[in-house]
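[1] quick one, fold the following:
(6 chains)
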There are 4 protein chains.
Amino acid sequence: MPRWKNEAQTDDALQRLKREAILKEAGRAFSQRGYHNTSLDDVAATLQVSKGTLYNYVRDKQEILFECHLVAIEMGKRAFKDGQIAGTAAEILDATLRRYIELLTTEIGACGVLMEVDGLRAQDRAVVTRERDAFERNLVSILRAGFKDGSIRKTDPKIAVFAFMGTINWMPRWYSPDGRLSGPEVARQLTELMLHGLVQ
Amino acid sequence: MPRWKNEAQTDDALQRLKREAILKEAGRAFSQRGYHNTSLDDVAATLQVSKGTLYNYVRDKQEILFECHLVAIEMGKRAFKDGQIAGTAAEILDATLRRYIELLTTEIGACGVLMEVDGLRAQDRAVVTRERDAFERNLVSILRAGFKDGSIRKTDPKIAVFAFMGTINWMPRWYSPDGRLSGPEVARQLTELMLHGLVQ
Amino acid sequence: MPRWKNEAQTDDALQRLKREAILKEAGRAFSQRGYHNTSLDDVAATLQVSKGTLYNYVRDKQEILFECHLVAIEMGKRAFKDGQIAGTAAEILDATLRRYIELLTTEIGACGVLMEVDGLRAQDRAVVTRERDAFERNLVSILRAGFKDGSIRKTDPKIAVFAFMGTINWMPRWYSPDGRLSGPEVARQLTELMLHGLVQ
Amino acid sequence: MPRWKNEAQTDDALQRLKREAILKEAGRAFSQRGYHNTSLDDVAATLQVSKGTLYNYVRDKQEILFECHLVAIEMGKRAFKDGQIAGTAAEILDATLRRYIELLTTEIGACGVLMEVDGLRAQDRAVVTRERDAFERNLVSILRAGFKDGSIRKTDPKIAVFAFMGTINWMPRWYSPDGRLSGPEVARQLTELMLHGLVQ
DNA sequence: AATGAATGAGGGTTCATTCAT
DNA sequence: TATGAATGAACCCTCATTCAT
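    Now for the predicted structure:
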């Protein structure tokens, strides 16, 4: 008689809810301790469920990892959509990054696994790599637009993207939903840092 | 008859060279694939040596990890020393970060393990944590000095440090010594990004 | 579908029974072939179980060893309690030793590891050493009482205790529950030998 | 340039001396810490010799063990010879056991391995078993003679022999040449205990 | 659907043994 | 002969995964 954190009405919705609970908790644990430092025993224990039960909802550990990547990928796509405002490239970049970080903070578990690519099944890895490349290309596009419209300083766009990704992927190591700063606040500050730097 | 990549003159130097070769290759592998994704079999195979041989030079896997941390820590200390130039806090920060990145690029393997703290022996972890905290406090100090002398914009110093660390720790995932950009060039660009941002 | 030698009614009792079965078989093997000559593969194979299964019931090999020691220690304490009869020191010694041997023969596996102290975890070794010293001191006390009440010949008490311990610790090498002599019979004969010697 | 404890004149004698030094030290270590708890690294280190050097003098670790057994076996034979005095069976037994213990104390290392039979090569084990059986049969013969001539109480002779062996084989765990009691003194006391017991 | 026992592959570590120098 | 580096087999232990109930 497991104790799932959430309850739902229909049988089908219940199914999905349980699966989500597993993905969420696993993602959280992966983010904090790392994928390989987290055993499914840990995850099951936190959910007050037996380990075997997990396999009723997910195929294997790799699938969990893949799903976490998908969540982050989805957020990236969403951020680009929401960032399509009218304005200079710099303003679009600002809106996009801020939105991305805001979304990540709502489910911090998902994005802490972005560095875990080797753990993925080959075919899943292909998907993730493709999406991540697309994400980075999109960022580069915004940068190039900024070079053109003069709103962004000319720098090596790849380096800039790497700096973004590093800053963002490092978040799970220090951000906590219960911490001093709210998600949107963190998003605001990080984005400002990345766009305007420290020197005045 | 193993084939070590490097050769040396004296016996003693050879010993040290082999140990360094192991640390270097292991660090490189840890950086690229993660600590837990890298078996000592892999490391040994790359060095064309049997796994048992590794144990003539290192005590265990945890020691390798610790040594990698030590290298990065040493680089951090060195960066602070070399960054003690005359000038504003912003100039000092610039010099320090740039130097730090320059050093890291010379031995990129070492810094990719900075996120692997759980794998360390308890006593080693204490050392690493203490040093990392000192490193971050030092950065915060520079920032505060910059707030005072007016050379640095007032921002949350902790967030800024987290942004730095993320940017830097992400480097092993994309930087390659054989790549398009040299270490110093990467150092210059990343530092400029962090200090001056993207918006002009 | 492993085949445990014993079956039990309740689930909980089954758990304990399996653990006991492991400890018993391991103790038996340790006694006959020595701690280091016995791999957990051997133990698992004898129990017709995979090696991994053992770890559902015991933490590690050292714990098994420690538990064996505990059994023997417990028997020693029990022997002293049961030996507290009214009578001369010689009679008490006789009752105590006989009881000790009787108990040991009921679980011969346990006492064959008494010489394996180096394999123990440091903290467990401290316990075992403390208890063994207490056991030997108790025996010496009985001897000294015998010197006083005249029931025991004056001899070096430490040597006498060493002789006891040797005689007893050697038992696993020759005693078998299925052998010619029953446990109590062996206890009677050994005790008489130790107390009265061979010469008439 | 190894440092052997002993020096010798001829080349051949030197050879044998070195071999003996290895056997002695190994036997000592085996006795104190057990066969499997002693690595050849330990032995080599104590002799201030490299591990590889050992293999110039002994075939392998098993041979060392076998040689230790042989030494003890030889002592047993010698004890029987020297114990062939005129007198009752009890007196012969006394002389034999005392002599045996005296001899063992001169090279305490050798006898501490008597319980390590599983480590032996099959063919060596056959030799050792045969000799040990002969030794025990010889003791039983003396006992039976004592039953006849009335000098020894009628007891189960096998049990008595097991008691002897246990007492003797346990010696390496507590006897030290530098200890409070000399070898002959220990021999005297142990023998008296075994023959006359504790009760007066 | 939930359980938890069982499994087996994989990795870290030790150490006896070999071998080129 | 002495060395010590290298090897590989053996063992302990973890953990993702399966399966009978």
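
[2] where are the low-confidence patches of chain A?
    A:1-2, A:5-9, A:198, A:200 (pLDDT under 70).

[3] what residues does it have near DNA strand F?
    Residues of chain A lying near DNA strand F by Cβ under 7 Å from any atom of the strand: A:Thr38, A:Ser39, A:Leu40, A:Asp41, A:Lys51, A:Gly52, A:Tyr55, A:Asp60, A:Lys61, A:Gln62. Where you see a C-beta, it was placed from the backbone N, CA and C, and this is true even at glycine.

[4] domains in chain A, by residue range?
    Structural domains of chain A, as assigned by automatic domain parsing, span the residue ranges A:1-58, A:65-196.

[5] just say which of those is most tucked in.
    Among the domains of chain A, judged by mean count of other Cβ atoms under 10 Å in any protein chain shown, the one packed with the most neighbours on average is domain A:65-196 (a mean of 19).

[6] that domain close to DNA strand E?
    No. Domain A:65-196 stays clear of DNA strand E (Cβ under 7 Å from any atom of the strand), getting no nearer than 11.3 Å.

[7] circling back: distance to DNA strand E and secondary structure for the residues of chain A next to DNA strand F - can I get that in a markdown table?
    Formatted as a markdown table, the residues of chain A next to DNA strand F follow (distance: Cβ to the nearest atom of the strand, whole Å; DSSP: H, G, I helix; E, B strand; the rest coil):
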| residue | distance to DNA strand E | secondary structure |
| --- | --- | --- |
| A:Thr38 | 16 | coil |
| A:Ser39 | 11 | coil |
| A:Leu40 | 10 | helix |
| A:Asp41 | 9 | helix |
| A:Lys51 | 6 | helix |
| A:Gly52 | 2 | helix |
| A:Tyr55 | 7 | coil |
| A:Asp60 | 12 | coil |
| A:Lys61 | 12 | helix |
| A:Gln62 | 14 | helix |
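
[8] and which of those is nearest chain B?
    Of all those, A:Thr38 has the smallest distance to chain B: 9.8 Å, by Cβ to the nearest Cβ.

[9] show me the contacts for that closest one.
    Counting by Cβ atoms under 8 Å, 6 or more residues apart in numbering or on different chains, A:Thr38 touches A:Ala26, A:Ala29, A:Phe30.

[10] at 10 Å what do you get?
    A:25-32, A:46, A:61, A:64, A:113, B:118 (Cβ atoms under 10 Å, 6 or more residues apart in numbering or on different chains).

[11] one more: A:Thr46?
    A:Lys5, A:Ala21, A:Glu25, A:Ala26, A:Arg28, A:Ala29, A:Thr38.

[12] likewise for A:Phe135?
    By Cβ under 10 Å, 6+ apart, the contact set of A:Phe135 is A:Ala72, A:Ile73, A:Met75, A:Gly76, A:Lys77, A:Ala79, A:Phe80, A:Tyr100, A:Val161, A:Met165.

[13] make JSON lines out of those residues and add secondary structure and distance to chain B.
    Formatted as JSON lines, the contacts of A:Phe135 follow (DSSP: H, G, I helix; E, B strand; the rest coil; distance: Cβ to the nearest Cβ, whole Å):
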{"residue": "A:Ala72", "secondary structure": "helix", "distance to chain B": "15"}
{"residue": "A:Ile73", "secondary structure": "helix", "distance to chain B": "17"}
{"residue": "A:Met75", "secondary structure": "helix", "distance to chain B": "17"}
{"residue": "A:Gly76", "secondary structure": "helix", "distance to chain B": "16"}
{"residue": "A:Lys77", "secondary structure": "helix", "distance to chain B": "21"}
{"residue": "A:Ala79", "secondary structure": "helix", "distance to chain B": "17"}
{"residue": "A:Phe80", "secondary structure": "helix", "distance to chain B": "17"}
{"residue": "A:Tyr100", "secondary structure": "helix", "distance to chain B": "14"}
{"residue": "A:Val161", "secondary structure": "helix", "distance to chain B": "9"}
{"residue": "A:Met165", "secondary structure": "helix", "distance to chain B": "6"}
